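Asker: Provide a 3D model corresponding to the input given below.
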Amino acid sequence: MSNKKNRKNEIHDEKSSSQSIEEVAAETSEVPEENASEKPQEEEPVSETASLTAEIEDLKAQIEQLNKDRLLLMADFENYRKRTLREKADLIKSGGEDCLKRMLPLVDDFERGLLAINESTDVEAVKEGMTLIYNKFKTFLDQHGIKEIPAKDEDFNTEYHEAVTTFPAPTPEMKGKVIDCVQKGYTMNDKVIRFAKVVVGE
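Answerer: Next up, the predicted model:
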């Protein structure tokens, strides 16, 4: 009886040991599966961080390039502005110089006319010479776009005329018109540079 009982115990111990071995094997076989499933989860954040870092570096490079382009544009504009101002100043200077050069022959004519007045006894010749100088000067003004503003017997126009006084109109038709011109007015390229000072009939 004791031998049978011992045999049963041995069989029970073998079954228990085999079950424990199977359980250990099952647990050990599950561990790699868990580790395998955890690896991609660990690699995923690392890959996303690298991507964001690369994107940030790319944006930094773009911003730096844009700042460089902006500075270059500002420098180009400043150079353009200075060059334009210099050219404008040179144009005004050279334009005035050209005008004065053309006036010098007129000054020479006036000086010769003044000498002729003191030395000549022919009044008519002196008058003719002064008239020639005057006409020459008028031609010079016309060449530069300077024209006289019509005044006498014209309707009073505040855009061209400046009334210095009023006077009773000699006829009803002269009311509101220019009776006399005290000082001539001029335009330069259709722009008034001096208003005509006139007397207006009332």
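Asker: which parts of the protein are helices?
Answerer: Assigned by DSSP state H, the helices in the chain fall at 2-119, 123-143.
Asker: got the buried residues for the shortest one?
Answerer: Taking 16 or more other CB atoms under 10 Å as the basis for neighbour counts, the residues of helix 123-143 that come out buried are 126, 129-130, 133. Quick note: C-beta positions are derived from backbone N, CA and C, even for glycine.
Asker: ok, the residue nearest the centre of the chain to N67 distance?
Answerer: In the chain, the residue lying closest to the centroid (CA atoms, centre = their mean) is F77, at 8.5 Å. Per CB to CB, to the nearest Å, F77 is found 16 Å from N67.
Asker: mind checking pLDDT for the closest residue to T187 other than its chain neighbours?
Answerer: Spatial nearest neighbour of T187, chain neighbours left out: K147 (5.4 Å); criterion: CB to CB, 6 or more residues apart in numbering. pLDDT, K147: 93.
Asker: same question, E87
Answerer: What the model reports for E87 is a pLDDT of 88.
Asker: same question, L115
Answerer: Each residue has a pLDDT score; the one for L115 is 87.
Asker: neighbours of it, how many?
Answerer: By the criterion of other CB atoms under 10 Å, L115 has 10 neighbours.
Asker: next up, the contacts around F140.
Answerer: Residues near F140 by CB atoms under 8 Å, 6 or more residues apart in numbering: 102-103, 106.
Asker: any weak-confidence spans in this protein?
Answerer: Across the chain, the ranges flagged by pLDDT under 70 are 1-46.
Asker: the nearest residue to R112 once chain neighbours are set aside and N118, how far apart?
Answerer: Of all residues not flanking R112 in the chain, G129 sits nearest, at 7.9 Å (CB to CB, 6+ apart). Using CB to CB, we find G129 at a distance of 13 Å from N118.
Asker: try Y186
Answerer: 31 Å.
Asker: when the two are compared, which one has more neighbours?
Answerer: More crowded of Y186 and N118, by other CB under 10 Å: Y186, with 15 against 7.
Asker: would you confirm that the residue nearest to T187 contacts G185?
Answerer: No. With contacts counted by CB atoms under 8 Å, K147 stays clear of G185, the gap being 9.9 Å.
Asker: these two - which one has more neighbours?
Answerer: G185 (20 against 15).
Asker: could you find the closest non-adjacent residue to that one?
Answerer: A196 (3.0 Å).
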